[in-house]
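Colleague: got a predicted structure here, sequence first:
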Amino acid sequence: MRADPNPGFDVARAVEVLHRKAQELGAKPSPGGDPHDAYDVSLRHVMLHDVPHDLLVDGHPRVAERCLVTPCRIGGLCFALQEILQFQRELTTARTRASMELTDVARELESVARPLLLRFARVAADFVRTSKVQHEWESKLQAPGQFHDHESTCRRPRDAVYHGAQMLSLVGKLGNELPSLLESAELAQPPARKRSTILLTAVYQHLSWGGWNYREIAELVPDQVGGRHDARTRRHPEDRVRHRVKSAEARSLFPADVLDGNGKAAAV
């Protein structure tokens, strides 16, 4: 079985801290909702960010009902919360676990079986060629089966290669398609031995998008490197945050204004 991913930070603590900070800044649940429900509080502000913000438009003050076009600190907190909660929710479902396990096995099977099938195809071709003379004699004399077993020496090796290639093609497609059914980019990664902690990167990128600086982000969601320095890289926590924020896009959720026409993330 695939081991549970290690996100590289205290997920429960991050949810508690981000939820509390969002409420302190004015985030509220949907009407009649539970203020203690981090999902409700953050979802409302991700989908309908209706916290008033004083903006200057052409030099005149204006209250914006939605501020996703102008990223704000509450928005960064709520998107980060939703990213974590999405990961938690998916990880607990039997369907997600089965999908992840099947993806891993499919990719492992393909990586192991492909070189063996290529080797088998070469050996089978050599084997079939050894029966070429007998096969030609049978054709000339119209005496099938008199000189060699045609099924075993000609047809079956070719069929084995053909159907083996079909099987590997299907397994490869399955291994590539199943991750697209998962919402969390963290869970849609390759097998455990190749995984990176991109959930933490996504959280940092959301917070940075919302206007939180690197020091604040490191305090809100500390990584599990420990201490003030990373002994391997000599980086301060703020430097580690900066590295993740500037790295490849890791977020699964995006404000509508940063999506292009194809539903992919545009530059923020």
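Modeller: On my side now, so go ahead.
Colleague: all strands of the stretch 1-150 of the chain, in order?
Modeller: Secondary structure of the stretch 1-150 of the chain (DSSP state E, counting those that start in this stretch): strands at 53-57, 60-64.
Colleague: doesn't residue 242 belong to a helix?
Modeller: Yes - under DSSP: H, G, I helix; E, B strand; the rest coil, residue 242 falls within a helix.
Colleague: grab the nearest non-local neighbour of it.
Modeller: The spatially closest residue to residue 242, leaving aside those adjacent along the chain, is residue 214, at 5.2 Å (CB to CB, 6 or more residues apart in numbering). For every residue, glycine as well, the C-beta is placed using N, CA and C.
Colleague: you'd agree the one you found is up against residue 246?
Modeller: No - with contacts counted by CB atoms under 8 Å, residue 214 stays clear of residue 246, the gap being 10.2 Å.
Colleague: tell me which of these two has more neighbours.
Modeller: residue 214 (20 against 11; other CB atoms under 10 Å).
Colleague: next, give phi and psi for the more buried one.
Modeller: In terms of degrees, to the nearest 10, the main-chain angles of residue 214 are phi -60, psi -40.
Colleague: what's near enough to touch it?
Modeller: 208, 238, 239, 241, 242, 245 (CB atoms under 8 Å, 6 or more residues apart in numbering).
Colleague: the strand or helix carrying the first one - contacts with which helices or strands?
Modeller: Okay, so that is residue 208. Applying DSSP states H and E as the criterion places residue 208 in helix 198-209. The elements that helix 198-209 packs onto, with contact taken as 3 or more CB pairs under 8 Å, 6 or more residues apart in numbering; DSSP states H and E, are helix 73-91, helix 214-220, helix 237-246.
Colleague: turn those helices into TSV, columns for distance to residue 168.
Modeller: Supplementary listing: the helices and strands packed on helix 198-209 in TSV, determined by distance: least, CB to CB, whole Å:
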stretch	distance to residue 168
helix 73-91	28
helix 214-220	44
helix 237-246	36
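Colleague: which one of these is the most hemmed in?
Modeller: Between the helices and strands packed on helix 198-209, the one whose residues have the most neighbours on average, counting mean count of other CB atoms under 10 Å, is helix 73-91 (a mean of 23).
Colleague: tell me the domain boundaries of this protein?
Modeller: With automatic domain parsing serving as the domain definition, the record reports that the chain contains domains spanning 11-92+191-258, 103-181.
Colleague: helices of the stretch 1-150 of the chain, start to end?
Modeller: Along the stretch 1-150 of the chain, the stretches classed as helices by DSSP state H, counting those that start in this stretch are 11-24, 38-47, 73-91, 94-130, 132-141, 150.
Colleague: quick one, phi psi at the residue nearest to the spatial centre of the chain?
Modeller: By CA atoms, centre = their mean, the mean C-alpha position of the chain lies nearest to residue 185, the distance being 2.5 Å. Backbone dihedrals for residue 185, given as degrees, to the nearest 10, come out at phi -60, psi -30.
Colleague: surely it touches residue 251?
Modeller: Yes - between residue 185 and residue 251 there is a contact under CB under 8 Å: 7.2 Å.
Colleague: for residue 19, give me the pLDDT.
Modeller: Residue 19 carries a pLDDT score of 95 in this model.
Colleague: nearest residue to it other than its sequence neighbours?
Modeller: Here the residue nearest residue 19, using CB to CB, 6+ apart, is residue 38, at 4.0 Å.
Colleague: residues contacting that neighbour?
Modeller: 15, 18, 19, 81, 85.
Colleague: if we can go back for a sec, overlap in contacts of residue 185 and residue 251?
Modeller: Here residue 185 and residue 251 have residue 202 as joint contacts, going by CB under 8 Å, 6+ apart.
Colleague: in JSON lines: the domains of the chain, plus distance to residue 5.
Modeller: Below are those laid out as JSON lines (distance: least, CB to CB, whole Å):
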{"stretch": "domain 11-92+191-258", "distance to residue 5": "6"}
{"stretch": "domain 103-181", "distance to residue 5": "12"}
